[in-house]
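1. Sequence and predicted model, in that order:
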Amino acid sequence: MVEESIMGANERRKLTRREALSTAGKVAAGVIVAGIAGGVAGYFAGSATAPTTTVTETRRETIATTIISTKTVTVSPTVTAPPPVVGKECIVKLRPGLYFADGTPLTAHDVVRSIDRVAKIEGDPAWFVLDFLDDWKALDDNTVKFTLKEPVAFFPALLAVPTYFPVHPAYKPDEIDSDQTAGGAGPHKIIKWTRDVELVLESNPYWFAGMPKTKQVIVKFYKDATALRMALEAGEVDIAWRTLRPTDIQDLKKKEGIEVLEAPGGAIRYIVFNMHIPPFDDPRVRKALAAALDRKAICEKVYLGTYEPLYSMVPMGMWSHKDSFKEKYGDRNLELARKLLEEAGYSSSNKLKIELWYTPTHYGDTEVDVATMIKQQWEEIGMVEVELKSAEWTTYLDYTRNRMLGASLYGWYPDYIDPDDYTSPFVNEAGRWLGNAYVSEELGKLLVEARTKTSIEERTTLYERIQDIWAEDAVIVPFAQGKLEIAYRKGIKGVVLDPTLLLRYWLIYKEEGGRIADRIIIGVTDKVTDLDPANAYDFFTWEILNNIMTGMMRYIPGTTELEFGLAASYSLV
């Protein structure tokens, strides 16, 4: 059993709301989150100096390496979580004195109630619960016991996923509540939401980690990247985020008064061939189209170098990554593509006729250009005709779930930092959100085994095998991995980009005339699809949920490290 607590023996008492707020801070904030003047703790009003102690700290310096070190750090209501031990039972003790944004007390029973909703509703992200847990129950007001189906090496990371976030009792108990604004126990609360127009957030005075310095955060939704860029240049927004065109990024780097921040990212792009929909039920068709892709051309001509060619679902830089698609098909192998299509019965006079679907704004304004280039590459085989079709994001998802799209473009942003997250969610029942496009008994068994192994070496061997099978089946074909880019006006501070791809609004503030401004405005072209964690399963909506709710665990900004969120401790048995 491994257990790590945030409270010393002389601190094991119920904290008042005032005490909880006055001790707000972050573990070794000035060291862990590089590039933020004063550290994260400096972004909270009323923070106090916390005692120091020596703890064993798990430091992941890059996606690829994990280093264990012992150092003296500042201990406050948040500490770095210990390295997990694989077990089938997890006991989570919550912080004392937790509240929802309206002052309603939050207990272990709210955690259980919220997870019950996920299991009953069975929305797209329900697999985070149903695939991993046999049972969950409250042992008392401050303790939750999770019983896993099988030991899972990364279970603490799942506790940082919105599906496990406790939601306010105002959420309907057994049906999707998409427009519910009651939120949870996060740094902000919603005070106004006009769908696809504006979302207004204010600081939550009950948040366990203290009050963000910026009182109000406004998220404005724009039709396209051109409108977003114009809004940034005109000063209508302070920050332009998700998503500017690559040409906009290049131009804005030259603009006085505007800064552009770039960082490596874990976002990937891929093509989904639903193996249940003809002609994609024929593996020769899927393999031919995979072989004909010119990833380098897409990344250079459409993305202008903001993406790199990707030959595996596991991103470059993450342990176990293997270029399986490159080994299997090479680069732009038209000869192999023609051979496979001929074997499948196609020719220049009897062409393969298919539709390629894309969604025009969710992945940025470049998406039509990506689809057009892939169409051209496939048609250059000389035996394929492609018709491009599109639908806006909500409709696109609905079509996909209902197996109406044979070939479609998608992207993936990490739920948790582990190769499992780039593989398991797409296969068998977990891939229901993709219309169960990829079904493989062999792959399913390997994925379960890879989850339960404790050593990186054992897991790497399994994931390399998984990537080889993935390339052989060619049902979901990766083609690009992206960088993170964000543009903001002079005076904006506290922007942190990391592999989780989540923008933490509570860290951001604006210096204006020698003082900190009361509000910041963030512009986006993306949409909030669903404010219910039981059903929300797209990256930008998860970003919003992470700003109005908090999980039992969470990632330290600027790292891939876990720390305690609403939890005070956990034990894995």
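-> Nice, I can see it.

2. Count the neighbours of residue 522 for me.
-> The number of residues packed near residue 522 is 22, by other C-beta atoms under 10 Å. In this view, the C-beta of every residue, glycine as well, is placed from N, C-alpha and C.

3. Same check on residue 278?
-> Residues lying near residue 278 (other C-beta under 10 Å) number 11.

4. what's the residue nearest to it when sequence neighbours are not counted sitting at in phi/psi?
-> The shortest distance from residue 278 to any non-neighbouring residue, by C-beta to C-beta, 6 or more residues apart in numbering, is to residue 406 (7.7 Å). When read as degrees, to the nearest 10, the backbone of residue 406 gives phi -80, psi -40.

5. How about residue 335?
-> Torsion angles, degrees, to the nearest 10, at residue 335: phi -60, psi -50.

6. And it, how far from residue 341?
-> Applying C-beta to C-beta, to the nearest Å, the value for residue 335 to residue 341 is 11 Å.

7. okay, the two: which has more neighbours?
-> Per other C-beta under 10 Å, whichever of residue 335 and residue 341 has more neighbours is residue 341, with 27 against 12.

8. Would you mind giving me the confidence score for the more buried one?
-> Residue 341 is assigned 98 on the pLDDT scale.

9. Could you do the one 10 residues further on as well?
-> According to the prediction, residue 351 has pLDDT 98.

10. just residue 179 next, same as before
-> Per the predicted model, pLDDT is 95 at residue 179.

11. is it fair to say residue 467 lies in a helix?
-> Yes. Using DSSP: H, G, I helix; E, B strand; the rest coil, the assignment for residue 467 is a helix.

12. And the protein, what are its domain boundaries?
-> Listed domain ranges for the chain are 188-263+483-524, 265-480 (source: automatic domain parsing).

13. any chance of the ones you listed in JSON lines, plus distance to residue 537?
-> Formatted as JSON lines, the domains of the chain follow (distance: least, C-beta to C-beta, whole Å):
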{"stretch": "domain 188-263+483-524", "distance to residue 537": "15"}
{"stretch": "domain 265-480", "distance to residue 537": "6"}
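
14. Out of the ones you listed, which is closest to residue 121?
-> For residue 121, the closest of these is domain 265-480, at 12.9 Å, according to C-beta to C-beta.

15. Average pLDDT for stretch 376-384, rounded please.
-> On average, stretch 376-384 scores 98.

16. which residues are contacting it?
-> Outside stretch 376-384, the residues within contact range by C-beta atoms under 8 Å, 6 or more residues apart in numbering are 288-289, 292-294, 297, 332, 334, 337-338, 341-342, 346-348, 351-354, 356, 385-386.

17. secondary structure element for residue 128?
-> helix 127-130 (DSSP states H and E).

18. Render the CA-only coordinates of the next helix or strand along the chain from that helix in PDB, please.
-> Later in the chain than helix 127-130, the nearest helix or strand by DSSP H and E is strand 133-140. What follows is strand 133-140, C-alpha atoms only, in PDB (Å, rounded to 0.1, in the frame of the first residue of the first chain):
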ATOM      1  CA  LEU A 133     -14.500   0.000 -12.500                       C
ATOM      2  CA  ASP A 134     -16.500  -2.800 -10.900                       C
ATOM      3  CA  ASP A 135     -17.700  -0.600  -8.000                       C
ATOM      4  CA  TRP A 136     -17.400   2.800  -6.400                       C
ATOM      5  CA  LYS A 137     -18.900   3.800  -3.000                       C
ATOM      6  CA  ALA A 138     -18.600   6.300  -0.200                       C
ATOM      7  CA  LEU A 139     -17.200   4.900   3.000                       C
ATOM      8  CA  ASP A 140     -18.000   8.100   4.800                       C
END
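
19. Adjacent strands (with direction) for the next helix or strand after strand 133-140?
-> Next helix or strand after strand 133-140 toward the C-terminus (DSSP H and E): strand 143-148. Sheet pairing of strand 143-148 (DSSP bridges) gives strand 89-94 (antiparallel), strand 133-140 (antiparallel).

20. Burial-wise, tell me which of those strands comes out on top.
-> Of all the strands paired with strand 143-148, strand 89-94 carries the top mean neighbour count, a mean of 21, counting by mean count of other C-beta atoms under 10 Å.

21. What's the ChimeraX line that selects buried ones from the contacts of stretch 376-384?
-> Only the buried entries of the contacts of stretch 376-384 go into this ChimeraX selection, using 16 or more other C-beta atoms under 10 Å:
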select :288,289,292,293,294,297,332,337,338,341,346,351,352,354,356,386
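
22. Inside strands: which ones of the contacts of stretch 376-384?
-> 352-354, 356, 385-386 (DSSP state E).

23. Endpoint to endpoint, stretch 95-115 covers what distance?
-> Length of stretch 95-115, first residue to last, C-alpha to C-alpha, to the nearest Å: 18 Å.

24. Kindly report the same for stretch 276-290.
-> Stretch 276-290 has its terminal residues 17 Å apart, counting by C-alpha to C-alpha.

25. So that it lines up with my notes, have the first residue be 643 from now on.
-> Okay, residue one is now 643; in that scheme the one you just asked about reads as stretch 918-932.

26. Pull out the buried positions in it.
-> For stretch 918-932, a neighbour-count test (16+ other C-beta under 10 Å) marks 919, 921-922, 924-932 as buried.

27. what's the answer for stretch 1152-1165, then?
-> Buried positions in stretch 1152-1165, judged by neighbour count with 16+ other C-beta under 10 Å: 1152, 1158-1159, 1162-1165.

28. In the residues you listed, find the pair that's most separated.
-> Comparing the members of the buried residues of stretch 1152-1165, the greatest separation, given C-beta to C-beta, is between 1158 and 1165, at 20.4 Å.

29. Residue 1104 - that's part of a helix, no?
-> Yes. Residue 1104 sits within a helix when classified using three-state DSSP.

30. Now do the same for it: its pLDDT.
-> On pLDDT, residue 1104 comes in at 98.

31. quick one: it from residue 1061, how far?
-> For residue 1104, the distance to residue 1061 equals 9 Å [C-beta to C-beta].

32. Between those two, tell me which one has more neighbours.
-> Ranked by neighbour count (other C-beta under 10 Å), residue 1104 and residue 1061 place residue 1061 first, with 26 against 19.

33. How about exporting the lengthiest strand in the chain as CSV, limited to the C-alpha atoms?
-> In the chain, assigned by DSSP E, the strand with the most residues is strand 900-915. C-alpha atoms of strand 900-915 as CSV (Å, rounded to 0.1, in the frame of the first residue of the first chain):
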residue,chain,number,x,y,z
ILE,A,900,1.4,40.8,-29.8
GLU,A,901,3.3,37.8,-28.6
VAL,A,902,3.1,34.2,-29.9
LEU,A,903,3.9,31.3,-27.7
GLU,A,904,4.7,27.9,-29.2
ALA,A,905,5.3,24.5,-27.5
PRO,A,906,5.5,20.9,-28.4
GLY,A,907,2.2,19.2,-28.3
GLY,A,908,0.5,15.9,-28.0
ALA,A,909,-2.3,16.6,-30.5
ILE,A,910,-2.5,14.2,-33.4
ARG,A,911,-4.5,14.0,-36.6
TYR,A,912,-5.8,10.8,-38.2
ILE,A,913,-8.2,9.3,-40.7
VAL,A,914,-11.0,6.9,-39.6
PHE,A,915,-12.1,4.1,-42.0
